[in-house]
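**Student:** got a sequence here, can you model it:
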Amino acid sequence: MDDDEGTREAEALRRDRERAERAQAKEADRLRRELEKIDRDAERSAQKEAERLRKDAERLERDRLRAEQDLAKEAERRRTEREREAQQAVKEAARQLREAEKAQRAAALAQQQAAREAEKARRQAVRVAGSESASVELPPGIAVLWRTPAEGRPGPRPSLTLEQIADAGIALADAEGLDAVSMARLAESLGFTTMSLYRYVSSKDEVLSLMSDRAGGRPPVLGPEVGGWRERLELILAIQQPVLRAHPWLARTTTVLHAVGPGRLAWMEAMLAALDETPLSERQKVGAIGLLATHALDQLRVTEELTGSARTSAVGTAGGVDEAPDLGALIDVLASPSAHPALLRASAAGAFSFGPDDRDEDREGLDFGTVLILDGIERLVALAGQAV
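**Tutor:** From the prediction side, this is the model:
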């Protein structure tokens, strides 16, 4: 009996132990699942937090980039605005400069007209005084520029003036070239006979002298308000260039060099006066303006010869046309790359084109040679200033 009870108790204890073990195993499994759940939750939270932080970092980076782009755009906008304002300022300054130059030219032309009137009155006074007193005898080609023309004989026709004769000669030379000017053609254009024309001028040379002096006109009267010596010379030369281009035949006659009339003296006076305040000697001043005048006539002579040859080209014996040779084209044919590379480069760049339309600079500007001479004078003035 006691054994059965002990067995039952042992069995009960075994079952209780097994239940306790199963309960412990369940509790352990529950705890394990809880821990796993906690780990999973913690990992998910960490991932979410990391993702949130990553998104925040990306958002901050986007905001930073956007801010930098906005700053760059603003800086570019301000730079563009400054450039536009600077361009507008440059354009406005250029416009004002053009207006000032236009006004300056207008004033110079007005001064030139006034100088012509004053010169005309002075010449009249000189003529009156010269008729009453002895004067130095001048060569005929020059004397005609300083005298009142002899009156024509009374008759139905009005008498001529030297200015009318000069204007008629200028019109012929401008239209047909210097070779078209003859006493017969001149008399015909004026409505006079050739013999009656000789009552006012003694020769064609006197006519050419009158034409040269009158065609050149008068220079403007310039003072320090225009600027320094170079500004004044540049303005005088700029006004002179269109006058020369209007009468290219001036380069074909040596009369212009010897026709020391009121016009030529006025141009010489204006150019020399522009150099008054420089430390150059009088000989250097005369040499400088002589070089400028010679260059201007040389440039005009080249242009006139080319354009004149094209205008007066003659029909050859075979019926063809003898045209003026193109120096650049000749160089292209005759020069070789091995012996004349520099010539060929210059020809390819059009450097041997000397026609009136083949100019690198603006037609209202000064040509390269004139600027080069002015640069040389400027250097001479600087050296003379250092020596003082």
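
**Student:** now this protein, which segments are flagged as low pLDDT?
**Tutor:** Applying pLDDT under 70 to the chain flags residues 1-2, 94, 97, 100-101, 104-141, 147-158, 253-259, 304-325, 354-364, 388.

**Student:** can you rerun that using 80?
**Tutor:** Confidence mapping of the chain against pLDDT under 80 gives the ranges 1-3, 86, 89-91, 93-159, 222-225, 251-260, 300, 302-328, 351-365, 387-388.

**Student:** can you map out the helices along it?
**Tutor:** For the chain, the helices defined by DSSP state H occupy 2-132, 140-143, 162-176, 183-190, 194-197, 204-216, 229-246, 255-258, 262-274, 282-311, 327-334, 341-348, 368-387.

**Student:** quick one: contacts of the last one?
**Tutor:** The list of residues contacting helix 368-387 from outside it, by CB atoms under 8 Å, 6 or more residues apart in numbering, reads 229-230, 233-234, 237, 278-281, 284, 288, 291-292, 295-296, 299, 360-361, 366. For the C-beta atoms, the positions are set from N, CA and C on the backbone; glycine is no exception.

**Student:** buried ones among those?
**Tutor:** 229-230, 233-234, 237, 278, 280, 288, 292, 295-296, 299, 366 (16 or more other CB atoms under 10 Å).

**Student:** mind putting the residues you listed into TSV with distance to residue 245?
**Tutor:** Compiled in TSV, the buried ones among the contacts of helix 368-387 are given as follows (distance: CB to CB, whole Å):
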residue	distance to residue 245
229	25
230	22
233	19
234	17
237	12
278	29
280	29
288	23
292	16
295	15
296	10
299	10
366	13
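
**Student:** returning to what we had before: any idea which of the helices of the chain is most buried?
**Tutor:** Among the helices of the chain, helix 204-216 has the highest mean neighbour count (mean count of other CB atoms under 10 Å), at a mean of 23.

**Student:** against which helices or strands is it packed?
**Tutor:** Helix 204-216 is packed against helix 140-143, helix 162-176, helix 183-190, helix 229-246, helix 255-258, helix 262-274, with contacts defined by 3 or more CB pairs under 8 Å, 6 or more residues apart in numbering; DSSP states H and E.

**Student:** what's the closest of these to residue 82?
**Tutor:** helix 229-246 (31.3 Å; CB to CB).

**Student:** and that closest one with helix 162-176, angle?
**Tutor:** 70 degrees (axes from the mean of the first three to the mean of the last three CA atoms, to 10 degrees).

**Student:** for helix 229-246, packing partners?
**Tutor:** Using 3+ CB pairs under 8 Å, 6+ apart: helix 229-246 touches helix 2-132, helix 204-216, helix 262-274, helix 282-311, helix 368-387.

**Student:** present these as CSV; the columns should include distance to residue 346.
**Tutor:** Shown next, in CSV, are those (distance: least, CB to CB, whole Å):
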stretch, distance to residue 346
helix 2-132, 32
helix 204-216, 33
helix 262-274, 32
helix 282-311, 16
helix 368-387, 13
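
**Student:** nearest to residue 246, of the ones you listed?
**Tutor:** Closest approach to residue 246 among the helices and strands packed on helix 229-246 (CB to CB): helix 204-216, 8.0 Å.

**Student:** distance check, the closest residue to residue 285 other than its chain neighbours against residue 206.
**Tutor:** Distances taken as CB to CB, 6 or more residues apart in numbering put residue 275 closest to residue 285, at 4.6 Å, once the chain neighbours are dropped. Remark: distance between residue 275 and residue 206 (CB to CB, to the nearest Å) = 33 Å.

**Student:** likewise for residue 42?
**Tutor:** Separation of residue 42 from residue 206 (CB to CB) stands at 122 Å.

**Student:** likewise residue 264?
**Tutor:** Residue 264 is 15 Å from residue 206, by CB to CB.

**Student:** so residue 210 makes contact with residue 142?
**Tutor:** No. The criterion here is CB atoms under 8 Å, and residue 210 misses it with residue 142 at 10.8 Å.
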